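Trainee: Here is the input, now give the coordinates:
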Amino acid sequence: MQFSKWHGLGNDYLVVDTRDATPTLTPARVRRICDYHLGVGSDGILEVVATSGDGPAVSILIWNPDGSVAEMSGNGTRIAARWLAARTGADDVRVVVGDLVVRARLRERLLVEQEMGLVRARPLERIDVDGEEVELTPVSVGNPHAVVRRDPDRSELLRLGPLIERHPRFPDRTNVQLVRVDGRHAITVGVWERGAGETLSSGTSSCAAAAAAVANGWCESPVEVSLPGGMLTVALDAEGRATLTGPAQEICRGELAPELLADLEPLA
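Mentor: Residues are numbered from 1 along each chain as shown. Purely as a prediction, here's the structure:
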């Protein structure tokens, strides 16, 4: 099984085209491959399930490192866009994730501008988290988010992240963002990603945090989102449609060794 490894501001993914490769990916196999000690190591796998000359376009399945499947990933779709562009020579591509279609355009150097669709920020609400009342903004970017206006101190992120992710308010779990407002067009964000934990960056989390900041009057569009891995830019139009711009970079290419493939074979 061949793969290429990419990252979007430190959020790393393996791109795997399994149409002509064995074994097929399963949750258990994904967990082993993503393990940084026993496998290749990554924050997830982008499985190429189809490509098309109409556009061109690529359909992907986004695996989290815990073996669950994500509805959307801004960094993942940005990486898939560059992966497809490198193979087709096209500057404008489409990345399909389930029923969602992300249109992406290559910009200077490693930058990709992508249309993330409608981002829905709902009214502020309060939940009880381990005896503490926490105010948050629920946001949908095709996947669920809970945005909390609080200094993104790492210890606080590691404490609150898993508690909110698995809170009964979110039966399918949720991504969590701690947000500090730095100016009318700037925020700093710490990300706890559903199924992955603390991450250096997240495209959908950046869209969610920016949408919450605009909806609550903390910021105005466009919003520069500072993450531990670097900077992403989110622009929101009057209807709430988001455009996300940031880099994606290829790290290496490789092939799984026969010994690892043998270990993967019995994992259903």
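Trainee: Quick check: the residue nearest the centre of the chain vs Gly89, distance?
Mentor: With distances taken as Cα atoms, centre = their mean, the chain has Ser73 as the residue nearest its mean C-alpha position (3.2 Å). Noted for Ser73: a distance of 24 Å to Gly89, by Cβ to Cβ, to the nearest Å. The way it works is simple: take the backbone N, C-alpha and C, and place the C-beta from them, glycine included.
Trainee: contacting residues for the closest residue to Val225 other than its chain neighbours?
Mentor: In space, and not counting its chain neighbours, Val225 is closest to Ser206: 4.2 Å by Cβ to Cβ, 6 or more residues apart in numbering. By Cβ atoms under 8 Å, 6 or more residues apart in numbering, Ser206 lies in contact with 74, 189, 225, 227, 232, 234, 244, 246.
Trainee: Out of the residues you listed, which sit inside strands?
Mentor: Per DSSP state E, strands hold the following members of those: 189, 225, 227, 232, 234, 244, 246.
Trainee: Quick check: bridge partners of the fifth one?
Mentor: Val234 forms beta bridges with Val223, Leu244, as assigned by DSSP bridges.
Trainee: from what I can see, Gly76 looks like it's in a helix, true?
Mentor: Yes - using DSSP: H, G, I helix; E, B strand; the rest coil, the assignment for Gly76 is a helix.
Trainee: Just the pLDDT at it, thanks.
Mentor: Per-residue confidence (pLDDT) for Gly76: 97.
Trainee: From here on, call the first residue 2.
Mentor: Let's use 2 as the start, then, which means that last one is Gly77.
Trainee: ok, how many other residues are close to it?
Mentor: As a burial measure, Gly77 scores 29 neighbours (other Cβ atoms under 10 Å).
Trainee: That one and Cys220: what is the separation?
Mentor: 25 Å.
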